[in-house]
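Colleague: give me a 3D structure for the following:
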Amino acid sequence: MTPFMAMLIPLLGVIAYPWLARRFFSLYRLTEGQRRSLLRSLPQGNEAFVNRLRVWDTGETICNAAVVGCVPGFSFVLVSDALLTRLSPRSVAAIVAHEIGHLKLCHVPMRLVIVFAGGTLGLALVRQAETLAAWQNVAHVAAMFATAGYMGLMLHLVAPLLEYHADAYAIDTLSKKNGNRRRNIRELSKALAELTLLSGIRPDKKTWLYPSFEERRQAMLCQQTSPSFRHRLEWMLGIVLLSQLVLITIGVLMIAS
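Modeller: The predicted model follows:
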């Protein structure tokens with residue numbers, strides 16, 4: 001597979017996934033009672049996002065939530081049936097606010113920019129490899145590994161920041177409702193703890209793309225003691241975004257030369 005295809009596949013997947021999810025998964029809208037209950041725990045201005053919520057009928061086997069897609073008007077927040085029935089309304093609202101944060105803060109496009117930066121780097125390396133004659137095939141393979149390694153490493157480094165950023169957004173959003181920041185940090189922490197337990201995941205277990213619950217809890221405590229925590233995150237993510245755009249520009253110039 002060429003780096004160019006590696007760039008296209010994630011983009012096509014993100015664009016097509018909302019359509020595929022609606023077609024192949026058993027999704028339904030919130031009942032009017034569920035909708036009213038959720039809106040009571042969220043500040044005004046979130047009605048449009050709540051209306052775009054879809055419930056995944058898993059037969060009460062999966063307790064989770066996620067953002068599906070990134071194209072405005074075509075993306076939505078997906079929550080499982082078990083999440084709605086096993087968590088309290090305020091805990092559900094905290095989880096939904098976190099997922100709305102991913103949408104409003106454009107976290108999916110951020111991941112795509114990283115993928116495109118890696119893909120552009122790969123294409124530029126392949127272009128340079130064409131000048132190496134006898135070593136061309138080896139250079140092509142090295143370029144492929146460099147591309148995959150760069151994408152994987154960058155996503156690994158940025159993914160925890162995106163989770164902390166969405167958590168900070170959720171806390172700020174919920175605080176607009178009742179003005180009690182400390183209480184909302186406790187609510188989100190409690191909701192994430194319940195979600196971790198119901199998902200059968202150890203609190204200290206992290207994956208390549210997600211921090212552990214304990215790491216997120218510590219980050220939320222930092223938000224409690226430092227109101228500027230979210231702004232520092234946004235500066236860090238802004239620097240990452242700028243660096244990726246610069247890398248894409250350099251890669252395009254190298255390919256065109």
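Colleague: going forward, measure contacts between C-alpha atoms and count neighbours the same way
Modeller: Noted.
Colleague: what's around Leu237, how many residues?
Modeller: 18 (other CA atoms under 10 Å).
Colleague: can you confirm it is in a helix?
Modeller: Yes - assessed by DSSP: H, G, I helix; E, B strand; the rest coil, Leu237 belongs to a helix.
Colleague: any regions of the stretch 51-200 of the chain where pLDDT drops low?
Modeller: Within the stretch 51-200 of the chain, the stretches with pLDDT under 70 are 72, 130, 132-136.
Colleague: skipping its backbone neighbours, what lies nearest Gln223 in space?
Modeller: Nearest-residue entry for Gln223: Phe229, 5.4 Å, with adjacent residues in sequence omitted and distances by CA to CA, 6 or more residues apart in numbering.
Colleague: residues near the one you found, how many?
Modeller: As a burial measure, Phe229 scores 17 neighbours (other CA under 10 Å).
Colleague: okay, it: pLDDT?
Modeller: pLDDT for Phe229: 86.
Colleague: check the gap between it and Trp56 for me.
Modeller: From Phe229 over to Trp56 the distance is 34 Å, taken as CA to CA, to the nearest Å.
Colleague: go on, His156?
Modeller: His156 sits 28 Å away from Trp56, going by CA to CA.
Colleague: neighbour count winner among these two?
Modeller: Under the criterion of other CA under 10 Å, the comparison of His156 against Trp56 puts Trp56 first, with 24 against 16.
Colleague: distance of the more buried one from Leu78?
Modeller: Distance from Trp56 to Leu78, by CA to CA: 7 Å.
Colleague: wait, isn't Phe116 in contact with Ile248?
Modeller: Yes - with contact defined as CA atoms under 8 Å, Phe116 counts as touching Ile248 (7.2 Å).
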